[in-house]
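Asks: Quick one, structure for this:
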Amino acid sequence: MPVEISSRQKIPNEPATDRGTSIALIFALVAERLSIYYEHEKWMTKAQGATLASEWLSRSKRSMPAEERRHLSSLSDQLARQIAETLSREVGLLTAHEMMESLDPNYQSEIGRSLMVECERMLDSETRESE
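Replies: Residues are numbered from 1 along each chain as shown. The predicted model follows:
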């Protein structure tokens, strides 16, 4: 059964750069993936993640090639599964909640900041490997 994806999320306010947008998309997709996983015990597919990224981007009049959106969706899937594997259900629920709250630029969260740094590290690592 396919998992429904939410359209309520906003991409965290990052500088309007390709890199910043990519990091913000990974973060928002990880938050959404973890929320769905902990609420429904199902993982969003990579295609659903890429589609959701496209919807978010279109709201801010931005776009990104489908291949890049699929790549970011794949990275977010990797990170979300790593997080879920290392946390108890209770801590995972708290982490997902903190990430969702952190999508609001007015919400300050140490968990959100540290996971944003992890998203940045993951993107940079991928970029270095492809060079």
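Asks: which residue is nearest the middle of this structure?
Replies: The chain has L29 as the residue nearest its centroid, 2.3 Å off, counting by C-alpha atoms, centre = their mean.
Asks: Buried ones in the one helix or strand it maps to, by neighbour count?
Replies: Assigned by DSSP states H and E, L29 falls within helix 18-40. Using 16 or more other C-beta atoms under 10 Å as the test for burial, helix 18-40 gives 21-38. Heads up, the C-betas are built off the backbone N, CA and C, glycines and all.
Asks: do the same with stretch 113-131
Replies: Here stretch 113-131 shows L115, M116, E118, C119, E120, M122, L123, E126 as buried, counting by 16+ other C-beta under 10 Å.
Asks: burial count for S88?
Replies: Neighbours of S88 under the rule other C-beta atoms under 10 Å: 8.
Asks: Also S54?
Replies: Number of residues near S54 (other C-beta under 10 Å) recorded here: 16.
Asks: so is it in a helix, a strand, or just coil?
Replies: Following DSSP: H, G, I helix; E, B strand; the rest coil, the label given to S54 is helix.
Asks: wait, doesn't it sit right on L72?
Replies: No: S54 is beyond contact range of L72, at 10.7 Å (criterion: C-beta atoms under 8 Å).
Asks: so what sits against both of these two?
Replies: Common contacts of S54 and L72 (C-beta atoms under 8 Å, 6 or more residues apart in numbering): M64.
Asks: Low-confidence ranges, this protein, go.
Replies: 1-17, 128, 130-131 (pLDDT under 70).
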